[in-house]
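Visitor: got a predicted structure plus its sequence, pasted below:
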Amino acid sequence: QVQLVESGGGLVQAGGSLRLSCSASGTIFSINAMGWYRQAPGKQRELVAAITSGGTTNYAASVKGRFTVSRDNAKNTVYLQMNSLKPEDTAVYYCNADLKTARFGTNYNYWGQGTQVTVSS
């Protein structure tokens with residue numbers, strides 16, 4: 001059983017900052033990529049940022065230069081530092097991890113429960 005638990009969402013004014021955290025726990029052999037997705041009302045879920053176990057990052061064009069993704073491999077934790085927040089960043093943010101639960105197992109995607117981020121104008 002694997003769980004991803006997110007924290008750090010909330011309400012912030014435009015121009016403010018928030019930091020999201022997501023910790024993976026349970027039977028985990030290795031984690032490849034971890035990342036953050038978001039879904040605004042009436043819109044599809046979209047990739048915000050991702051990071052591999054080696055530290056390679058990928059960002060959505062809309063957040064480049066404002067958001068920073070990082071991870072602590074020893075803690076199976078991924079972070080998302082969000083600066084210069086805009087009202088259009090308002091969404092439910094979901095943590096995602098691509099991981100194996102056994103040495104010779106298959107990689108599967110796991111999702112957190114989501115955390116609300118609301119940016120007021």
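Guide: Done, it's in.
Visitor: from memory residue 20 sits against residue 9, does it?
Guide: Yes: with contact defined as C-beta atoms under 8 Å, residue 20 counts as touching residue 9 (6.5 Å). (Glycine included, C-beta is placed from N, CA and C.)
Visitor: looking at those two, which has the bigger crowd around it?
Guide: The residue with more neighbours, out of residue 20 and residue 9, is residue 20; 23 against 18, by other C-beta atoms under 10 Å.
Visitor: who's the more buried one bridged to?
Guide: residue 80 (DSSP bridges).
Visitor: contacting residues around it?
Guide: Residue 20 makes contacts with 6, 7, 8, 9, 36, 79, 80, 82, 93, 95, 115, 117, as judged by C-beta atoms under 8 Å, 6 or more residues apart in numbering.
Visitor: nearest to residue 73, of these?
Guide: Closest approach to residue 73 among the contacts of residue 20 (C-beta to C-beta): residue 79, at 12.2 Å.
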